[in-house]
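Chemist: structure of the sequence below:
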Amino acid sequence: MELTVIIQSKIYEIRGQQVMFDFDLAALYQVETRILNQSVKRNIKRFPEDFMFQLTVEEWQNLKSQFVISSWGGVRKLPYAFTEQGVAMLSSVLNSDIAIEVNIAIMRTFIAVRRLISTPPTDRIGKLEEELKELKSYIEEVFTDYNDINEDTRVQLELINRTLTELQAQKRLADNPRNPIGFIKPKQ
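Modeler: Okay, here's the model as predicted:
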């Protein structure tokens, strides 16, 4: 899979910000999570709260089902979330060639995601909404026409229904054989 696609799958929205977790970043940089966090802690002045923050227990519980849990039952510490600026700051803390390449890819991915959010590719939903409005309007017109029968038409329909009922009753009577007058009984 292309690196950009992998990175996009690891960007989450928490507290209204797009972030990446320390364990995902460590995997991308090909270092252990504890090594990444140690590097950050040694340079903690570079990571104010709008660059990096630790998840709360509640936030982690809500997200935990999305991640594979290790065999010993979970993480020992709550993960850190790095904003776009925090990821950019990591490039000054981690100096390996892999870290530099991955950091460039991550920055490009954040930019691509931001562009995608600000300018959606096509307005398919808007198109569908417009078509739905047109269909709804047409259906309302049809039902309005159907229900918009004036009183004269209602009276005429009622007379037609009564006449049809009377004709059906007369036909039933005509179809029943009558008993002949006299002493001779009809053969059955």
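Chemist: tell me which residue is most central in this protein.
Modeler: Nearest to the mean C-alpha position of the chain, by C-alpha atoms, centre = their mean, lies Ile125 at 11.8 Å.
Chemist: I'd like the distance between that one and Glu131.
Modeler: 11 Å (C-beta to C-beta, to the nearest Å). Using the backbone N, CA and C atoms, a C-beta is placed for each residue, glycine as well.
Chemist: so which residues of the chain form helices?
Modeler: 3-8, 22-29, 33-42, 57-64, 84-93, 97-118, 124-147, 151-175 (DSSP state H).
Chemist: the second one packs against which elements?
Modeler: When contacts are defined as 3 or more C-beta pairs under 8 Å, 6 or more residues apart in numbering; DSSP states H and E, helix 22-29 sits against helix 33-42, strand 80-83, helix 84-93, helix 97-118.
Chemist: what average pLDDT does the last one get?
Modeler: The pLDDT scores in helix 97-118 average 78.
Chemist: do stretch 16-24 as well
Modeler: Rounded mean pLDDT across stretch 16-24 is 88.
Chemist: how far away from the center of its chain is that stretch?
Modeler: In terms of C-alpha atoms, centre = their mean, to the nearest Å, the centre of stretch 16-24 is found 22 Å from the chain centre.
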